[in-house]
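>>> Pasting a predicted model and its sequence here:
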Amino acid sequence: MTRSLLAAACASAAILLAAIGANAQTTAPAVSGQPAAADQGATDQGSGSDQAGADEEKQAPIPFEGGQFTIAQQEQYGEKVLAYDGKQLDSNYDVFFEKIVKVGDVNVALFDVGDGGNQCGPASLIAWKPQGGEIQTTTVEQDECGAPPVAISESAIYYVPYLLPGDSKPALQWSPTTGLTTSGELTYTPEPGTGWKDVDPSKYDNIIDAFHNEAVYKAGQALLGNDMPDMATSLLVGGGTEKTASGAFYATGCVPHDCGGNDGFMAVDPAKQKVYFARRGDNGEPQAWPPVKDWPADIKKAYDDAQGSGN
């Protein structure tokens, strides 16, 4: 997928950003029952499903630049405290050491710090020690809901957001010399040149993946306009697609942690080159694009059946 960087960066950084951004945009989050945020930064953290077992695991002191980081929990169900040589740096219910990397000639320690659960992913805490100076930290998060996925180059750490259809978000970068800055703007863009003949629901883990198709994206954009990101969000918790007798395919979904309160429905008819959307939003009233009265009978029945099943 293409994407535009609105701020200049060095060639190697731009290549890295584009490569990681492509993965962030084209790989839909794991949403069968939980939002993508639950997966961010989870590789080295464990699943967290067995909380009692996790509480029993103690992080050993982490040597760093002549001192050491510690992660301690004073009370059984209290917050964990991240400290360096006894100086508290941060605290929260989940604090995990990720790794130590080298950015330029500076060693940098990365930690995940968050509230726990799968409502939002953890924020990223960057810690480094300037030569002859005290320990320094910077916390990175986006939309007050955790940090985007991280990519590391020789000269900077990049935070590249996952984009929903219709989204544009800044890509961030951090280095010891410039601190945290915006490196560019990423804009969701479908695969150029893809048309209705390329639509293949068998390849979609979530119906949101259909927006990768340029024809579907443009048809959706014409109907939804600025409501496209909200519509896509209402489909995040969902699975595969189903087919109607006419060959159209559809799926239902909901906003993470608001199933039953903010639900979505999307149908695609490649033969007739049409898309259909419905969403029950914050006011509890359903909206539809186009109006449901203009929907074909089989797609309306699929929608009515989905409503009757509680999703």
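That came through fine.
>>> which regions of this structure sit below the pLDDT cut-off?
1-56, 118-119, 281-285, 309-311 (pLDDT under 70).
>>> got the residue ranges for the helices in it?
For the chain, the helices defined by DSSP state H cover 11-26, 51-56, 214-224, 228-233, 297-308.
>>> Which positions in the last one come out as buried?
Yep, that's helix 297-308 we're talking about. Asp298, Ile299, Lys300, Ala302, Tyr303, Ala306 (16 or more other CB atoms under 10 Å). Every residue, glycine included, has its C-beta placed from N, CA and C.
>>> Looking at the residues you listed, which is nearest Gln59?
Nearest to Gln59, judged by CB to CB, of the buried residues of helix 297-308 is Ala306 at 45.2 Å.
>>> pretty sure that closest one contacts Gly253?
No: taking contacts as CB atoms under 8 Å, Ala306 lies outside contact range of Gly253: 9.9 Å.
>>> so what sits against both of these two?
With contacts taken as CB atoms under 8 Å, 6 or more residues apart in numbering, Ala306 and Gly253 have Phe265 as neighbours in common.
>>> re the thing from before, using JSON lines, lay out the buried residues of helix 297-308 together with distance to Ile62.
Shown next, in JSON lines, are those (distance: CB to CB, whole Å):
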{"residue": "Asp298", "distance to Ile62": "59"}
{"residue": "Ile299", "distance to Ile62": "56"}
{"residue": "Lys300", "distance to Ile62": "58"}
{"residue": "Ala302", "distance to Ile62": "53"}
{"residue": "Tyr303", "distance to Ile62": "53"}
{"residue": "Ala306", "distance to Ile62": "49"}
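>>> and which of those residues is nearest to Asn262?
Ala306 (14.3 Å).
>>> nearest spatial neighbour of the closest one, skipping sequence neighbours?
Thr252 (4.5 Å; CB to CB, 6 or more residues apart in numbering).
>>> residue contacts, the one you found?
Leu235, Gly238, Asp263, Gly264, Phe265, Ala306, Asn311.
>>> Could you measure from Phe97 over to Thr70?
Taking CB to CB, to the nearest Å as the measure, Phe97 falls 10 Å from Thr70.
>>> Need the overlap of contacts for these two.
Common neighbours of Phe97 and Thr70, using CB under 8 Å, 6+ apart, are Gln59, Ile62.
>>> out of everything not next to it in sequence, what's closest to Gln173?
In this structure, Gln173 finds its nearest non-sequential neighbour in Ser183, 4.2 Å apart by CB to CB, 6+ apart.
>>> biggest separation within the contacts of Thr252, which pair?
Distance extremes for the contacts of Thr252: the farthest pair is Leu235 and Ala306 at 11.8 Å, using CB to CB.
>>> Let me know the closest of the buried residues of helix 297-308 to Gln88.
Closest approach between the buried residues of helix 297-308 and Gln88, by CB to CB: Ala306, at 49.7 Å.
>>> From Glu144, how far out is that closest one?
Here the criterion is CB to CB. By it, Ala306 lies 31 Å from Glu144.
>>> Check Ala123 too.
Between Ala123 and Glu144 the distance is 9 Å, computed by CB to CB.
>>> Likewise for Ala248?
38 Å.
>>> same question, Arg280
Look at Arg280 and Glu144: by CB to CB, they are 24 Å apart.
>>> Check Asp304 too.
For Asp304, the distance to Glu144 equals 37 Å [CB to CB].
>>> residue furthest from the geometric center of this protein?
Computed with CA atoms, centre = their mean, the residue of the chain farthest from its C-alpha average is Gly132, at 37.8 Å.
>>> For Ser168, give me its contacts.
By CB under 8 Å, 6+ apart, the contact list for Ser168 reads Glu185, Leu186, Thr187, Tyr188.
>>> from these, which ones fall inside strands?
Glu185, Leu186, Thr187 (DSSP state E).
>>> possible to save those residues as CSV with neighbour count?
Formatted as CSV, the ones in strands among the contacts of Ser168 follow (neighbours: other CB atoms under 10 Å):
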residue, neighbour count
Glu185, 14
Leu186, 27
Thr187, 17
